[in-house]
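1. Output the structure for:
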Amino acid sequence: MKLLGVIDSIDFSDVEKERIGQTLGKTDSPQRSILTSNALLIRDNDFWRKAQKNFHITGFRDGSQHGKQKVLSKALECASSEPGRTAWLEVGPIYVKAVQIYLERELPNLHLLLRSEDFVAGPGTQTEQIFRCICRALPMHDATIDEAKELYELWALRERRRLKSYCPVSAFGPMMCAAWWRRVSAQHVGRLPPP
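-> Model prediction:
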């Protein structure tokens, strides 16, 4: 299975729903910014029909721009008035789709990595395994470790505080990193500085 499929299939834990729900209630949070700037780009009329029904928005064709704006306005109002898990229950589905669009539009190299690289199971939690797979493939897709960290802040991936320990050298050891560097530098001659 590809990394994107594994990440999309992660169930958000109650702790993550609470964390993201809290951030959606803050007007200056990156999560809220991503929601407001990408939600209207969702092109799924069935999704919008359900969202309009959920927020009791009537009088608009499913997926119409005005209907979407009304849903987003109600969702942001809900996130501000009831931050936390309650906000997540209402706003979560819109947020998930908005983050997917954000990854595709704003972090295209990371999105390509997630779409094209296979998930390789190994020791540790699923979050650790995913991050190792991402770290392993970062240079081959011109993605950065900061983009991977941003993904972890936006999505329901646990152990965000321990990410530093999963970067290539610490996660794979110097011998594997040397082999990794040789393979990458052969593909990207002249584009990468020496390790």
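
2. got the CA coordinates for stretch 133-145 in PDB?
-> Taking C-alpha atoms only, stretch 133-145 is exported to PDB below (Å, rounded to 0.1, in the frame of the first residue of the first chain):
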ATOM      1  CA  CYS A 133       9.400   5.700   5.100                       C
ATOM      2  CA  ILE A 134       9.000   9.400   4.500                       C
ATOM      3  CA  CYS A 135      12.500  10.200   5.600                       C
ATOM      4  CA  ARG A 136      13.900   7.400   3.400                       C
ATOM      5  CA  ALA A 137      12.400   8.900   0.300                       C
ATOM      6  CA  LEU A 138      12.600  12.700   1.000                       C
ATOM      7  CA  PRO A 139      15.600  13.500  -1.200                       C
ATOM      8  CA  MET A 140      14.300  11.400  -4.100                       C
ATOM      9  CA  HIS A 141      11.300  13.700  -4.300                       C
ATOM     10  CA  ASP A 142      12.900  17.000  -3.300                       C
ATOM     11  CA  ALA A 143      10.700  17.100  -0.300                       C
ATOM     12  CA  THR A 144      12.000  18.500   3.000                       C
ATOM     13  CA  ILE A 145      11.900  17.300   6.600                       C
END
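
3. and the gap between residue 23 and residue 29?
-> 4 Å (C-beta to C-beta, to the nearest Å). Placement of C-beta: from N, CA and C, glycine included.

4. Those two: which is more packed in?
-> Ranked by neighbour count (other C-beta atoms under 10 Å), residue 23 and residue 29 place residue 23 first, with 21 against 16.

5. pretty sure the more buried one belongs to a helix, no?
-> Yes. Counting by DSSP: H, G, I helix; E, B strand; the rest coil, one finds residue 23 located in a helix.

6. can you tell me which residues contact it?
-> Applying C-beta atoms under 8 Å, 6 or more residues apart in numbering to residue 23 gives the contacts 29-32.

7. what does the domain assignment say about the protein?
-> The chain is divided into the following domains under automatic domain parsing: 10-106, 108-187.

8. quick one: average confidence on the shortest one?
-> Predicted confidence along domain 108-187 averages 74 (mean pLDDT).
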